[in-house]
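Participant: Pasting a predicted model and its sequence here:
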Amino acid sequence: MSGTVEEALRARREAGGKSLVIYVTGALNDDFETTVLAVAAAGADVIEIGIPFSDPVMDGPVIQEANEKALKGGATPANILSRLQRLEVEVPLVVMTYYNIAAHMGLERFAQSLAKAGVAGCILPDMPLEETADWAAVADAAGVETILLAAPTGDDARLTAVSERSRGFIYGVGLLGVTGVRSELASSATEIARRLKSLTDLPVLIGVGIGTPEQAVEAAAAGDGVVVGTAVVARMLSPEGPQGVAALVKDFREALDASCA
Amino acid sequence: MELNENEALKAPDASGRFGDFGGRFVPETLMPACLELEEAFNESWADPSFRKELDDLLADYAGRPSPLTDCPNLSELLGCRVLLKREDLNHTGSHKINNVLGQALLAQRMGKTRLVAETGAGQHGVATATAAALLGMECCVYMGEVDVERQKLNVFRMRLLGAEVRTALSGSRTLKDAINEAMRDWVATVEESHYCLGSVMGPHPYPWMVRTFHEVLGSEARSQCEERLGTTPDVVVACVGGGSNAIGIFSGFADSPAELVGVEPAGGAAVGRGVPGVVHGSRSFLMQDEFGQVLEAESISAGLDYPGVGPEHSFLAASGRARYESVNDAEVVEAFQLLSRLEGIIPALEPAHALAWVSRERASLAGKTVLINLSGRGDKDVDQILQLLEKEGRA
Ligand SMILES: Cc1ncc(COP(=O)(O)O)c(C=O)c1O
């Protein structure tokens, strides 16, 4: 069974395009809903909503700052999900949060709340393959796609096993490091995309360390698309508002489309 | 959960679990490193040449065995026989060196050239910087901004030893955030760096490996007690931050009738005030809010200023083999002064917690034999205590 995230990304691939997944921090600002709608309108294929956690070890300073700001503003898992539930977005939504947020609510209840809020998939970056079983069972039952990360440090056997258990897409980590913009695309990004493409038919998206449309084009060339987080969140933290965020997403969309033309 | 007492300190299962606690909740990037470390540890620990190298260093460099000291003056005051396991006399001033020498040798054997560590009180950072100097490795220590301020002396020691000290500015700016930063560094440098974790926490194999490196202090204490007392003590007490000194001494007495007591700071009582949760790589008791956000601990002692606890302690608490109590900062300062005055031993603020509990519980401990793990010496803390007593007009 393939879920809505996977369908959306396969459709983009079959049409000869490259996918764009955009990460936004949940409930970061009062205009969070407007931001999500603007990101969808600007051409994101899937939107990843971060549910903030106090100790985000996979994230760099920008996303951590956004987490802290959202938490100070009263963001909670339940209120982010209920805001999403009321929102009519044209593209599939995915939630990104840390294991403890899900575990604290109860894995089963968390999976069901995602489904109820209309969220199609979930990424838990501190949940490696070995710890996936408990969550995957309840997520599968609730119809939530569990997207797993594949890292450059994994050997082919490991990348294959991770790809086999992943749903929606396989999230190739573009570099050794945490989220954040880098001045140049790491060579590991192309490398992990190439390796994953040779091991799985699942859509292969590369994220972590992609900050500019040029880098996105480069990383997407070897895979099926990219995940862009920090650059977008930095824009959310700036005074430019949802329209500024949308303009940035549009730049990424146009660059990816032009690279396939 | 039922547990046979004699199984209390056995190896965790293949997923790194002690009962319901432990595991490996780390970013995928680190999984191969955790698996590689587990394999290297198993292989090295089974290798007599590795064990000999470590034993030699522990004896000739760190100064093991550490003595067992009777405290006649304190015993008379409290009405119970108090014995101290003198980990404060180890090179670098605490029990931390046992674990660090083991991990540093292992890292070198694995071909790593750089050690990354977190530190609260600075003792683990100093121990790591020391081992790095000895073995010619690079060393980078993360420390929260609050701790950099209250443990200035240890920051200077680390720098003298050639380590880079990086200040963690996020969150509570204490041990919890230093661990976050160290893990981020490890994610980015995993090919050349070994994360030299300072307590019995983190992802498998750390809780088990660090405990194994500290078993030396427990087995020494066991044979010293048997020699001195002809038997084992009635109660074994140790402070608990992550819980490495406590698990080290408990390991020597797990299969004895001794009561095992871990003492947490009231402001960082993970077992006392926490519920099971997942942070820093394992599932364990954790202080958190109603949504699962990790709470900030607050303790006078930088080494115990942590909202979680190692998973094996959660297991021991859940099974009832050990119990966990807490003391407040004022009781700790009292105990710090008491041991200094009565026995001529200035303890670190961390083990002063264990002492504070014994002092408070003297009525119920009357006539018993109590072994306290004196996990470190107080040199690092005298400046902080001086300022505090001056502020209160008591110095
Ligand atoms: C002397 C001393 N004891 C105890 C601790 C706390 O660590 P653990 O709970 O792992 O023994 C520290 C940490 O810095 C310490 O310096």
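Facilitator: Okay, I see it. Residues are numbered from 1 along each chain as shown, chains lettered A, B, ... in the order given.

Participant: Go ahead and list the helix or strand containing the residue positioned nearest the centre of chain A.
Facilitator: The centroid of chain A falls nearest to A:Glu48 when counting by C-alpha atoms, centre = their mean (4.3 Å). Taking DSSP states H and E as the criterion, A:Glu48 maps to strand A:46-50.

Participant: Just confirm yes or no for the first helix or strand past that strand going along the chain near chain B.
Facilitator: The helix or strand immediately downstream of strand A:46-50 is helix A:61-72, counting by DSSP H and E. Yes: Helix A:61-72 lies within reach of chain B by C-beta under 8 Å from any C-beta of the partner chain, at A:64, A:68, A:71. Using the backbone N, CA and C atoms, a C-beta is placed for each residue, glycine as well.

Participant: top of those by neighbour count?
Facilitator: Highest neighbour count within the residues of helix A:61-72 next to chain B: A:Gln64, with 24 neighbours (other C-beta atoms under 10 Å in any protein chain shown).

Participant: Tell me the confidence at that residue?
Facilitator: In this model, A:Gln64 is scored at 96, pLDDT.

Participant: and the closest residue to chain A within chain B, what is it in contact with?
Facilitator: Residue nearest to chain A within chain B: B:Gly292 (2.9 Å; C-beta to the nearest C-beta). Contacts for B:Gly292 (C-beta atoms under 8 Å, 6 or more residues apart in numbering or on different chains) come out as A:53, A:77, A:100-101, A:103-105, B:277.

Participant: got the residue ranges for the strands in the stretch 101-250 of chain B?
Facilitator: B:114-119, B:138-144, B:164-168, B:193-195, B:235-239 (DSSP state E, counting those that start in this stretch).

Participant: cool, and the stretch 1-150 of chain A?
Facilitator: For the stretch 1-150 of chain A, the strands defined by DSSP E, counting those that start in this stretch occupy A:19-25, A:46-50, A:93-96, A:121-123, A:145-146, A:149-150.

Participant: Make CSV out of the contacts of B:Gly292 and add neighbour count, pLDDT and distance to B:Ala11.
Facilitator: Formatted as CSV, the contacts of B:Gly292 follow (neighbours: other C-beta atoms under 10 Å in any protein chain shown; pLDDT from 0 to 100; distance: C-beta to C-beta, whole Å):
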residue, neighbour count, pLDDT, distance to B:Ala11
A:Phe53, 26, 98, 31
A:Pro77, 24, 98, 36
A:Asn100, 25, 98, 26
A:Ile101, 23, 98, 30
A:Ala103, 20, 98, 25
A:His104, 22, 98, 29
A:Met105, 19, 98, 32
B:Gly277, 23, 98, 24
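
Participant: Looking at the chain, which helix is longest?
Facilitator: With no chain named, the answer covers chain A. Secondary structure of chain A per DSSP state H: the longest helix is helix A:241-260.

Participant: wait, I meant chain B there
Facilitator: Every helix in chain B considered (DSSP H), the longest is helix B:206-229.

Participant: OK, contacts around the closest residue to the ligand within the stretch 201-350 of chain B?
Facilitator: Here the stretch 201-350 of chain B gets closest to the ligand at one residue, B:Gly303, 2.7 Å apart by C-beta to the nearest ligand atom. By C-beta under 8 Å, 6+ apart, B:Gly303 lies in contact with B:120-121, B:123, B:175, B:241, B:348-350, B:376.

Participant: Quick one: closest of the strands of the stretch 1-150 of chain A to B:Lys96.
Facilitator: Closest of those to B:Lys96 is strand A:149-150, at 33.0 Å (criterion: C-beta to C-beta).
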